[in-house]
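Student: Quick check, what structure comes out for this input:
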Amino acid sequence: MKMSINKTQIVEGLNQIWGKWSQFGSQLNESQWQTYSRLPGWTVKDNLSHLVGGEYMLSGQKLPEVEVSADHVKNPVGEANEKAIHSFREKEGSEVLALFNEVTAERFNVLSEMSDEEFQAVGWTPAGEAPYGRFMQIRVYDAWLHMQDCREPLGLPGDEDGLPAEIAIDEVSSAAGYIVGKKGGAPEGSRIQIIISGPVERTLRVEVSDGRASLVESFDEDPTSTLTMSSLDFTALTGGRDDSTRYIEDGRVLLGGDLEVARRIAENLAYTI
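Tutor: Model prediction:
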């Protein structure tokens, strides 16, 4: 299945998730900005600094020179993110939010004026060579997931559905073949069905044929294994935010069919874009 890149939808998704971050951040006090998120070692403010760093890099803006040596830095976006986090450590959350509002307003104007040809142009992205629009889809996913990383520990749930959440699920769904085949080791002939039960609903079907796991529209026969979970749990687990074991044990992740294969996939949902 080929991914469709819709410029209008993705730019609007970015506009919406940036607006949601702005509204969310405007309600936080400094103690909340300094609260640790779902990501080890990252505060709520660090999550927003991470997003600012990515948009600075994409807009060609310079960040202060700081030494970045973290093992997880793999590409220019990651380097910009780390520089932003370290550079903004001394700033208050409201100051980082002001920088975020400024750079995202500029980025929205640039993206709105970009031609379809430019948006579809193939180049470097965190997912390899792909259209620029795919890069922007990843940015929606990243911004939405980091918001959930912050909302959960603050006890402020929200923005669990809507366009940014839909785009985030689409982005993760595009990796279903890799997750099921490469990470989960589904054997030849497997038909794996992943039911995402809401707030965003999807049914993903992955078939393993000729040694390749591919996302397909439908199966000719019943699925050999099934996994069922909410869209919030799906994104938490595929994003490596938590261990799936207790999700399976407490029923948040339901397994069916060949349970050995289903469990192996569930335990290996985490992947890196």
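Student: now the strands for the protein?
Tutor: 122-123, 130-131, 191-197, 201-209, 212-216, 225-229, 254-257 (DSSP state E).
Student: Where does pLDDT dip in this structure?
Tutor: Scanning the chain for pLDDT under 70 picks out 1-4, 66-78, 80, 273.
Student: Please identify the most buried of the strands of the chain.
Tutor: Ranked by mean neighbour count under mean count of other Cβ atoms under 10 Å, the strands of the chain are led by strand 225-229, which reaches a mean of 23. C-beta here means a position set from N, CA and C on the backbone, and glycine is covered the same way.
Student: ok, now which ones touch the nearest residue to Pro131 once chain neighbours are set aside?
Tutor: The spatial neighbour of Pro131 that comes closest, neighbours along the chain excluded (Cβ to Cβ, 6 or more residues apart in numbering), is Gln120 at 4.9 Å. Counting by Cβ atoms under 8 Å, 6 or more residues apart in numbering, Gln120 touches 5, 7, 131-133.
Student: change it to 7 Å
Tutor: 5, 131, 133 (Cβ atoms under 7 Å, 6 or more residues apart in numbering).
Student: burial of Arg246, as a residue count?
Tutor: Other residues near Arg246 number 10, with proximity taken as other Cβ atoms under 10 Å.
Student: now for the lengthiest helix in the chain, which elements pack on it?
Tutor: Counting by DSSP state H, the longest helix found in the chain is helix 132-154. Judged by 3 or more Cβ pairs under 7 Å, 6 or more residues apart in numbering; DSSP states H and E, helix 132-154 is in contact with helix 7-26, helix 44-59, helix 116-120, helix 163-173, helix 231-238.
Student: Redo these as CSV? Include distance to Glu152.
Tutor: What follows is the helices and strands packed on helix 132-154, written out as CSV (distance: least, Cβ to Cβ, whole Å):
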stretch, distance to Glu152
helix 7-26, 13
helix 44-59, 11
helix 116-120, 33
helix 163-173, 14
helix 231-238, 8
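Student: Out of those, which is closest to Glu82?
Tutor: Glu82 sits nearest to helix 44-59 of all those, at 7.3 Å, using Cβ to Cβ.
Student: Thank you kindly, that will do.
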